[in-house]
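Colleague: pasted the sequence and its predicted model underneath.
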Amino acid sequence: MIFKEVHKGIDSLYLSFRGAIRDEILEELITKQELARSDDEALQAQATMILGNHCFEVKDKGKGKYKFVIVDNWFHVQIAGGSKNKIPDVYAQISSELLNCNGLDTSLNLLRGVVSRLLTSVDDESISRVDVFVDFVTDKDFNALNTDLWVT
């Protein structure tokens, strides 16, 4: 069987950060989240937050134990919201698009720039999860493969 790798890399990278959220950021998140919850589409459209060169959409609700979620095409960021939980203060995903177009180091630095605008200081940074991919070609007939053997 012929197996030829075409491309491989990191599909998604998830990082956790501990630190203290900036008071002004927390206030803005509360205000923007209320706008996002509005029935008025014009108010919902104002539920955005500028952090550096990024315009994030502030979601109308948090996710799990995280009170706030902000997203753009490169990052999905969950923010604990100031209370001292056992969870990290910021949990962020870097998109496949950013990782594959700009590389790991640049992507990490861009995320760190966003996080530095959310937190007064970063006390801890850790990788929480990495999703990898491999694109390949083969002479094997994929219709003959047992699909139960694939994880997707």
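Modeller: Alright, I've got the coordinates.
Colleague: where does the closest residue to Arg129 other than its chain neighbours fall, secondary structure wise?
Modeller: The shortest distance from Arg129 to any non-neighbouring residue, by C-beta to C-beta, 6 or more residues apart in numbering, is to Tyr14 (4.0 Å). No exception for glycine: its C-beta is placed from N, CA and C like everyone else's. Assigned by DSSP states H and E, Tyr14 belongs to strand 3-21.
Colleague: would you tell me what the next helix or strand after that strand is?
Modeller: Of the helices and strands lying after strand 3-21 in sequence (DSSP H and E), the nearest is helix 23-37.
Colleague: one step back: OK, contacts around the residue nearest to Arg129?
Modeller: Contact partners of Tyr14, counting by C-beta atoms under 8 Å, 6 or more residues apart in numbering, are Tyr91, Ala92, Gln93, Ile94, Ile127, Ser128, Arg129, Val130.
Colleague: how many other residues sit next to the second one?
Modeller: Counted with other C-beta atoms under 10 Å, residues neighbouring Ala92 total 22.
Colleague: swap in Asn109?
Modeller: Counted with other C-beta under 10 Å, Asn109 comes out at 11.
Colleague: where does it land in three-state SS?
Modeller: helix (DSSP: H, G, I helix; E, B strand; the rest coil).
Colleague: so what's Ile21 scoring on pLDDT?
Modeller: Predicted confidence (pLDDT) for Ile21: 92.
Colleague: can you show me the strands along the chain?
Modeller: With strands called from DSSP state E, the chain shows them at 3-21, 48-51, 54-58, 68-71, 75-79, 90-94, 119-138.
Colleague: the closest residue in space to Gln93 that isn't next to it in sequence pairs with what?
Modeller: Nearest non-adjacent residue to Gln93, counting by C-beta to C-beta, 6+ apart: His76, 4.3 Å away. Per DSSP bridges, the residues bridged to His76 are Val71, Gln93.
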